[in-house]
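Participant: Next come a sequence and a model predicted from it.
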Amino acid sequence: MRIKPLADRVVLKPIEPEDQIKGGIIIPDTAKEKSQQGEVIAVGSGKISENGTKIPMEVKNGDKVLYGKYSGNEVSIDDQEYLIMHEADILAIL
């Protein structure tokens, strides 16, 4: 994949939750919630502050992260689903 996000944006590949929980119950596709975990695929160069200095990104390629349920924009590249969002929409690094 050759995509370079701009400024403080991040490209994530969502990590799909498991089909089966610890108790052995299989969850059908219709009952699954949207994934809130992802792997960072690409990061932008960083945000520019009001005084003109560049603020470096805290996440890097390969990081596993948690993000808000309705965060980001879904895009499809080479038949693969990705999310593009601002770094501020990422809640935590796992």
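Facilitator: Perfect, thanks for sending it. Residues are numbered from 1 along each chain as shown.
Participant: Excluding chain neighbours, give the residue nearest to Ile6 in space.
Facilitator: Residue 6: Leu, not Ile. Nearest residue to Leu6, sequence neighbours excluded (C-beta to C-beta, 6 or more residues apart in numbering): Gly44, at 5.3 Å. C-beta here means a position set from N, CA and C on the backbone, and glycine is covered the same way.
Participant: I'd say the one you found and Ile3 touch.
Facilitator: No. Between Gly44 and Ile3 there is no contact under C-beta atoms under 8 Å: 10.6 Å.
Participant: quick one: low-confidence ranges for this structure?
Facilitator: 1, 18-24, 26-33 (pLDDT under 70).
Participant: Quick check: closest non-adjacent residue to Val75.
Facilitator: Per C-beta to C-beta, 6+ apart, closest to Val75 is Tyr82, 5.3 Å.
Participant: Which phi and psi values does that neighbour adopt?
Facilitator: Main-chain dihedrals, Tyr82, degrees, to the nearest 10: phi -140, psi 160.
Participant: quick one: the strands in this protein?
Facilitator: Remark: strands assigned in the chain by DSSP state E are 9-14, 37-43, 47-48, 54-55, 64-67, 73-77, 80-86, 90-93.
Participant: Quick one: closest of these to Ile25.
Facilitator: Nearest to Ile25 among the strands of the chain is strand 37-43; the distance by C-beta to C-beta comes to 20.2 Å.
Participant: Could you check the angle that closest one makes with strand 73-77?
Facilitator: 70 degrees (axes from the mean of the first three to the mean of the last three C-alpha atoms, to 10 degrees).
Participant: contact partners of strand 37-43?
Facilitator: For strand 37-43, the surrounding residues in contact (C-beta atoms under 8 Å, 6 or more residues apart in numbering) are 1, 3-5, 9-15, 17, 57, 59-67, 82-83, 87, 94.
Participant: buried set for that strand?
Facilitator: 38, 40-43 (16 or more other C-beta atoms under 10 Å).
Participant: Verify the stated contact: the residue nearest to Val75 with Ser76.
Facilitator: Yes. Using C-beta under 8 Å, Tyr82 is in contact with Ser76, at 7.5 Å.
Participant: Those two - which one has more neighbours?
Facilitator: Tyr82 (20 against 8; other C-beta atoms under 10 Å).
Participant: Cool, thanks, talk later.
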